[in-house]
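Asks: I would like the atomic coordinates for the input below:
(2 chains)
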There are 2 protein chains.
Amino acid sequence: MQDNIIFVGTKPVMNYCLAVVTQFNSGAKEVIIKARGKSIVRAVDTAEIVTRQFLSDVVKKNVSISTDSVETDEGTTNVSSIEIILGH
Amino acid sequence: MQDNIIFVGTKPVMNYCLAVVTQFNSGAKEVIIKARGKSIVRAVDTAEIVTRQFLSDVVKKNVSISTDSVETDEGTTNVSSIEIILGH
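Replies: This is a model prediction of the structure:
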């Protein structure tokens, strides 16, 4: 796992904002925010808050969506995912 | 309002998939899927289901995220939004 990938889950959005800001402050040129399913909205919130409020020199370089296959007890299900690349 | 914009809200995802497929079947070259806040995940699901299951010749041309200011009784709040452009 690369250091500059932030997986967004069910914690409060500010936790992920802090994680992204920390990455940039320790010298990262690019940070990738990833999320699946219901956490997608929190990934979008994180990217928006970081670029608008915390780091105005950081921009959204690319946003892509895809489908991941997830193995569960009842078989394989598909879940949507998002990947947001932030950078200078 | 343009005909080929689908606003995704709180209805079941399949309703929006049907709306997108209907647009393409009536000759649209491009369909724009928009959503705000918690509906963002349904917009992503809609785009993924349409491109993977219903219309394999339709591709995701662009995905962008932004922040909208919304007026409420208690003042202005910011809400994240997504715009997914599907096309041939």
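Asks: residue A:55 contacts residue A:18, correct?
Replies: No - with contact taken as C-beta atoms under 8 Å, residue A:55 and residue A:18 are classed as non-touching, separated by 11.8 Å. For glycine as for every other residue, the C-beta is placed from the backbone atoms N, C-alpha and C.
Asks: you'd agree residue A:46 is in a helix?
Replies: Yes - assignment of residue A:46 by DSSP: H, G, I helix; E, B strand; the rest coil places it within a helix.
Asks: the closest residue to it other than its chain neighbours: what's it in contact with?
Replies: Leaving aside its chain neighbours, residue A:46 sits nearest to residue A:16 (4.4 Å; criterion: C-beta to C-beta, 6 or more residues apart in numbering or on different chains). By C-beta atoms under 8 Å, 6 or more residues apart in numbering or on different chains, the contact list for residue A:16 reads A:6, A:8, A:33, A:42-43, A:46.
Asks: now these as a markdown table including pLDDT and secondary structure?
Replies: As requested, these are arranged in a markdown table below (pLDDT from 0 to 100; DSSP: H, G, I helix; E, B strand; the rest coil):
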| residue | pLDDT | secondary structure |
| --- | --- | --- |
| A:6 | 96 | strand |
| A:8 | 97 | strand |
| A:33 | 98 | strand |
| A:42 | 97 | helix |
| A:43 | 98 | helix |
| A:46 | 97 | helix |
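Asks: now for those: which two are most distant?
Replies: A:6 and A:42 (10.9 Å; C-beta to C-beta).
Asks: how about the strands in chain A?
Replies: For chain A, the strands defined by DSSP state E cover A:5-8, A:30-36, A:59-72, A:75-87.
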